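*Asks:* sequence first, then the predicted structure:
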Amino acid sequence: MDNLIDRTTCIVCGSNNLETICETSPMPVFQGCVTSPIESDINTPMDWRICTECGSVMLAKTLPLDVIYMEGHATSLGGIWNEHHQLFATFVEKHRCGDVLEVGGGVGKLGQYYRREGGDAPWLILEPNPLNISQPESGVTFVQGFLDHKFTLPEHVETIVFSHSLEHIYDLANMIELLSEKLPDTGRLVVAWPQMDRWLQQGLPGALNWEHTFYVPIDVLLELMASRGFILNEQHDFGDGHSYFLAFSKGKKRPFVTNHDQIANSRYLVKNYWQSFEARVTAINKIIGESPTPLWVSPASVYTQYLFAFGLETSNLAGILDNAQVKQGKRLYGTPGEVESPSIIENTTCTVIINAGAHTQEILHQFSTINPSATLINAMEF
């Protein structure tokens, strides 16, 4: 791909001391589902580099935003996300002041939970490609766009919320600086941030991809925040290695302090993470080769894209299963798989691979209920 964007300095500390850790096989540039032919898909290798000053890891080249966000695709379905949004909405209300601006709110689910949990502040969602919401919650408003220097913070907004969206920002240090400039002195910043070290250890495809273009250890993130004048008021751990809930208020800036203790661990985590997919797909291919029944894969997301990118055997592929109606009838980008409702496997002989991270057990239970005789493979076990 010709229009890749070079990163020559660390997105946290600004150092130009970047070393390559590993390069991947070509990966799909878009995580959603499409109606276009597979011939139009773009797959590009990734070059991951580590900053030898602060231990952050990042893609050496990133994609234009209009490529990776060509359409909305985040649906936030599943019990884990329901619990996450319910508890995070309460956390936001505990720490917010004034009106709320949520950056990258997807389908607006967090705003809906905020209303259901009794929050009454106006809730504005800034989203580059908001999915069509026919009945938005009262007081929840969508605005199309990005948070940048040209964006004017609406009057009365004193709290900015990032729910698993801050890790999508390309230039993290500059974004934190921008937030410091945009928010009033009374402002609050409330963030749900992935426990990325745990995600990497578990081999979750949602950890690093074309949207999550860096790994920043939590200690390094908090140091960056403090250097831009954000004081940590509360940190809450959600789930078993799922997310951190972080609440900040504004204070005095101070110099960023690097910590070389992170470097060796960051290098190991990222390199081992990418190697784990090769081993996982090799093991799965051996199993499905011994059971030539129609093959389904779930869900229709980046989790499944990684199996295909690392060589999943597709000779018996029937399609991809997902509960999200907005995905059904389309094709998962970067794969030949058409998306169907899980109900399609009822009363059939089939094999289903589930590679869904924290959602895997929930999906396994659903599919075993739909079709008790189906052969279900938990990809997260490999």
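*Replies:* Cool, the structure landed.
*Asks:* low-confidence ranges in the stretch 151-300 of the chain?
*Replies:* Residues of the stretch 151-300 of the chain meeting the criterion pLDDT under 70: none.
*Asks:* can you pull out the helices in it?
*Replies:* Ranges of helices within the stretch 151-300 of the chain are 172-182, 196-202, 218-227, 263-289, based on DSSP state H, counting those that start in this stretch.
*Asks:* can you redo those as a markdown table with distance to residue 30 and mean neighbour count?
*Replies:* The way it works is simple: take the backbone N, C-alpha and C, and place the C-beta from them, glycine included. Below are these laid out as a markdown table (distance: least, CB to CB, whole Å; neighbours: other CB atoms under 10 Å):
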| stretch | distance to residue 30 | mean neighbour count |
| --- | --- | --- |
| helix 172-182 | 22 | 18 |
| helix 196-202 | 21 | 20 |
| helix 218-227 | 27 | 19 |
| helix 263-289 | 19 | 17 |
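*Asks:* got a markdown table for those, with distance to residue 37 too?
*Replies:* Output for those, formatted as a markdown table (distance: least, CB to CB, whole Å):
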| stretch | distance to residue 37 |
| --- | --- |
| helix 172-182 | 36 |
| helix 196-202 | 33 |
| helix 218-227 | 41 |
| helix 263-289 | 25 |
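*Asks:* residue contacts, residue 346?
*Replies:* If a contact means CB atoms under 8 Å, 6 or more residues apart in numbering, then residue 346 has 370-371 as its contacts.
*Asks:* tell me the secondary structure of residue 328, please.
*Replies:* Under DSSP: H, G, I helix; E, B strand; the rest coil, the three-state class of residue 328 is coil.
*Asks:* which residue sits closest to it, ignoring its sequence neighbours?
*Replies:* residue 339 (5.1 Å; CB to CB, 6 or more residues apart in numbering).
*Asks:* now residue 224, nearest residue through space, not along the chain?
*Replies:* residue 12 is the one closest to residue 224 (CB to CB, 6+ apart), at 5.5 Å.
*Asks:* quick one: average pLDDT of stretch 308-325?
*Replies:* For stretch 308-325, the mean pLDDT works out to 95.
*Asks:* return the residues in contact with the residue lying closest to residue 233 once chain neighbours are set aside.
*Replies:* Distances taken as CB to CB, 6+ apart put residue 247 closest to residue 233, at 4.6 Å, once the chain neighbours are dropped. When contacts are counted by CB under 8 Å, 6+ apart, residue 247 touches 91, 94-95, 188-191, 232-235.
*Asks:* distance of residue 247 relative to residue 235?
*Replies:* 8 Å (CB to CB, to the nearest Å).
*Asks:* what's around the residue lying closest to residue 185 once chain neighbours are set aside, how many residues?
*Replies:* In space, residue 185 comes closest to residue 250 once its chain neighbours are excluded; the distance is 5.7 Å by CB to CB, 6+ apart. By the criterion of other CB atoms under 10 Å, residue 250 has 18 neighbours.
*Asks:* please apply the same query to the one 10 residues further on.
*Replies:* A count of nearby residues for residue 260, using other CB under 10 Å, gives 10.
*Asks:* surely it touches residue 56?
*Replies:* No: counting by CB atoms under 8 Å, residue 260 does not reach residue 56; the two are 12.0 Å apart.
*Asks:* quick one: residue 292 and residue 350, what's the gap?
*Replies:* Distance from residue 292 to residue 350, by CB to CB: 11 Å.
*Asks:* so between these two, which is more surrounded?
*Replies:* Counted by other CB under 10 Å, residue 292 and residue 350 do not tie: residue 350 has more neighbours, with 20 against 10.
*Asks:* quick check: closest non-adjacent residue to that one.
*Replies:* Using CB to CB, 6+ apart, the closest residue to residue 350 is residue 294 (4.7 Å).
*Asks:* do residue 379 as well
*Replies:* residue 355 is the one closest to residue 379 (CB to CB, 6+ apart), at 3.6 Å.
*Asks:* pretty sure the one you found sits against residue 305.
*Replies:* No: contact between residue 355 and residue 305 fails when scored by CB under 8 Å: they sit 9.7 Å apart.
*Asks:* okay, and the common contacts of those two?
*Replies:* residue 205.
*Asks:* those two: which has the busier surroundings?
*Replies:* residue 355 (30 against 27).
*Asks:* roughly how far apart are that one and residue 300?
*Replies:* 11 Å.
*Asks:* give me the domain ranges for this protein.
*Replies:* 79-250, 292-381 (automatic domain parsing).
*Asks:* and stretch 42-50, C-alpha only, in CSV?
*Replies:* What follows is stretch 42-50, C-alpha atoms only, in CSV (Å, rounded to 0.1, in the frame of the first residue of the first chain):
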residue,chain,number,x,y,z
ILE,A,42,-6.3,-4.6,0.9
ASN,A,43,-3.9,-6.6,3.2
THR,A,44,-0.6,-5.0,4.3
PRO,A,45,2.2,-6.4,6.5
MET,A,46,2.9,-4.7,9.9
ASP,A,47,6.3,-3.6,11.2
TRP,A,48,6.3,-3.3,15.0
ARG,A,49,9.0,-1.3,16.7
ILE,A,50,9.9,-0.6,20.3
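*Asks:* returning to what we had before: now the phi/psi pair for the residue nearest to residue 379, please.
*Replies:* phi -130, psi 80 (degrees, to the nearest 10).
*Asks:* can you check the one 4 residues further on too?
*Replies:* Here the main-chain torsion angles of residue 359 (degrees, to the nearest 10) amount to phi -90, psi 0.
*Asks:* tell me how far it lies from residue 98.
*Replies:* Distance, residue 359 to residue 98, using CB to CB: 34 Å.
*Asks:* what about the two, which has more around it?
*Replies:* Neighbour count, other CB under 10 Å: between residue 359 and residue 98, residue 359 has more, with 22 against 17.
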